[in-house]
Every structure is written in structure tokens, then in C-alpha cells.
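A.B. asks: attaching a predicted model along with its sequence, questions to come.
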Amino acid sequence: MTPILSALLSLGLYLDQRIWAQAARPLRPSLKSDKGPLVPLGTSVTLTCRGPNESEMYILEKVQRLRRRITKKLQPPRTGAKFSIPSVTKNDAGNYSCFYTISSGLSEPSAPLDLVVTGLYNAPSLSALPSSQVASGHSVTLQCQAEGWHDSSALYKDGVITQYTSKNPKSGNQFKFSIKTVSPAQGGTYLCYTFQKNASYEWSAPSAPLVLRVRVPGVSKAHDHFQSPGDPQAMTSSVSNYTVSNIVCLSLAGLVLIILGVLLAEAWYSRKGP
């Protein structure tokens, strides 16, 4: 066998082993909340961890004071496990991830999922300065007034977070969110929450909704630009992504083997010769 063919054969076998090892690695599970990231105190929530059909057990973990602790283990109906919390409390707030086990070991953790419990403190009030009706291109400030002593606030528009802010010591319990150049897209319904930085998963109840109306030049009436919360952008599950990835990896492995077979056949016929 020529040195070049020997080198190609060694390289092909190495790549083939790497591709098969990549394909055999346990897939990363997905973790979702049926209520989204904000869950009112006392309500129920279900966290669903999904992995491949070969999963034998699912493990849910929660970060607590920078340390992980196992909260539950479930033997699932193969495709996923549902971890239900019938009545959410302050202790359920935090950062979650999940794993699953298969015969070859433990999977990688899922992407982290934040679970924020709301309604632990009185609701703040939300107002617009100078007015909740503003001309497009002008500025407006949304002011969130906390009921208790909190040092942070979050502003939501149409169900989606837009800004966080920390309190200026001179501002008392007021948090200001400035929009310097208002556009029609920034019209809509706003809410704010307040909380402590050192307990960032434990929030107040939401403020009463504030509707920001944007007046567009050339239009006689205030233009209400309501962007409905809408469906979340469709996301392909990590399990599906990894399945496609594995198919590609296995196809590449097969292609490498075919090329090696052709090279070996050519070498054999060359040596046999007339």
C-alpha cells in the first residue's frame, strides 16, 4: 500500500470514528413552562422536559444560592416528563434545567429556564410623563412607582419585557423608563413590576395596564398601535434539530467508508496489474 493511500486510510478511519462518536452523544433535552416565565403566586405551572424515545428517567434541577439541587425524578412515557407545581410559592422561583438518562449515561443539561413568581408584593403604579398620548418623534417617560422598598423594576409591553432599570438613590421608590424618540411601534399596553436585585425571581404584582397612544402626523386621531402578544416565534425543538444532525453525521460516515472502499479497490487492482 502506498504511503499516500495509507495516510488517506488513517485519516478516513479517524474522521469516521469522530462522526460516529458525535452521532452517539446523548441529545440535549428541551425545557418549557406552560405559563411562560412569569407565574402568579398560588397558581399552577407545569414544566415539560423532552428528550428522545430512549430516555429512561428525567431529572429536574433548580439553582438555589448558586448551588444545584435535584427537585424531582420521573420515569416518563418515553418522549418527555411533566413536572407539575400545583400552587406556586416563593420557594419555587428560580432557574431550572433538566436532564435525562439513557443506557450510555446522563445527557447534557437543557437550556436554563427562568421561573419568576409574581404577586409577592403590592402592585406598583405606572404613569406616563408628560402624557400617555404622545406625538410620533417626541419623547415620553414611563414612571413606575413602587409600593414598598425595591431597588429594581421591569417594564413589559404587550406581554414582552422591554427594559430593566435600577433605582437612583435620590429618586425614592420611582423607576423611570425613557423613550427618547417615540415611534408608532412603541404604542401599546404597558405593565411594570418591582423587585429586589438579590431576589431577582421574586416580583411584585403587576401594575394596572397603561395604554400608550402614539399620534402620527397627518392622522387626525391618536393612533393606537397595539401589537398583540401573538404566538411566540415558531421554534424547532432541540430534539428534532439533533435528529437531523445525527442523520447528516451518519450519512457523512457512510460517504467516508464508500470513498475508502473505492481507494482500496483501486490500490488492489493497481498492485494486481497486467
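C.D. replies: Done, it's in.
A.B. asks: in the stretch 151-274 of the chain, which ranges drop under the pLDDT threshold?
C.D. replies: Counting by pLDDT under 70, the stretch 151-274 of the chain shows low-confidence ranges at 168-171, 219-257, 259-274.
A.B. asks: do that again at 50, thanks
C.D. replies: The stretch 151-274 of the chain contains residues with pLDDT under 50 at 222-244.
A.B. asks: quick one: the helices in it?
C.D. replies: Ranges of helices in the stretch 151-274 of the chain, per DSSP state H, counting those that start in this stretch, are 238-272.
A.B. asks: the strands in it, which residues?
C.D. replies: Counting by DSSP state E, counting those that start in this stretch, the stretch 151-274 of the chain has strands at residues 152-157, 160-166, 174-179, 188-195, 210-215.
A.B. asks: deepest-packed of those strands, please.
C.D. replies: Most buried of those, by mean neighbour count (mean count of other C-beta atoms under 10 Å): strand 188-195, with a mean of 23. C-beta: built from backbone N, CA, C; applies to glycine.
A.B. asks: how about the strands of the stretch 151-274 of the chain in CSV, adding distance to V45?
C.D. replies: Converted to CSV, the strands of the stretch 151-274 of the chain look like this (distance: least, C-beta to C-beta, whole Å):
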stretch, distance to V45
strand 152-157, 18
strand 160-166, 18
strand 174-179, 27
strand 188-195, 17
strand 210-215, 27
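A.B. asks: out of those, nearest to R50?
C.D. replies: strand 160-166 (24.2 Å; C-beta to C-beta).
A.B. asks: partner strands of the closest one, with direction?
C.D. replies: strand 152-157 (antiparallel) (DSSP bridges).
A.B. asks: tell me the contacts of the closest residue to Q145 other than its chain neighbours?
C.D. replies: Computed as C-beta to C-beta, 6 or more residues apart in numbering, the closest residue to Q145 that is not its neighbour in sequence is S125, at 4.6 Å. For S125, the contacting residues are 144-145, 147, 207-208, by C-beta atoms under 8 Å, 6 or more residues apart in numbering.
A.B. asks: pull the CA atoms of stretch 103-120 into PDB?
C.D. replies: Extracted C-alpha coordinates of stretch 103-120, given in PDB (Å, rounded to 0.1, in the frame of the first residue of the first chain):
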ATOM      1  CA  SER A 103     -28.100   3.400  28.900                       C
ATOM      2  CA  SER A 104     -25.000   5.300  27.900                       C
ATOM      3  CA  GLY A 105     -25.300   7.800  30.700                       C
ATOM      4  CA  LEU A 106     -26.500  11.300  31.500                       C
ATOM      5  CA  SER A 107     -27.400  13.800  28.900                       C
ATOM      6  CA  GLU A 108     -26.200  17.400  28.700                       C
ATOM      7  CA  PRO A 109     -28.500  19.900  30.600                       C
ATOM      8  CA  SER A 110     -31.300  21.700  28.800                       C
ATOM      9  CA  ALA A 111     -31.100  25.400  28.200                       C
ATOM     10  CA  PRO A 112     -31.800  27.200  31.500                       C
ATOM     11  CA  LEU A 113     -35.400  28.300  32.200                       C
ATOM     12  CA  ASP A 114     -36.200  31.200  34.500                       C
ATOM     13  CA  LEU A 115     -39.300  30.900  36.600                       C
ATOM     14  CA  VAL A 116     -40.400  34.300  38.100                       C
ATOM     15  CA  VAL A 117     -43.100  34.300  40.800                       C
ATOM     16  CA  THR A 118     -45.200  37.400  40.700                       C
ATOM     17  CA  GLY A 119     -47.600  38.800  43.300                       C
ATOM     18  CA  LEU A 120     -45.300  38.500  46.300                       C
END
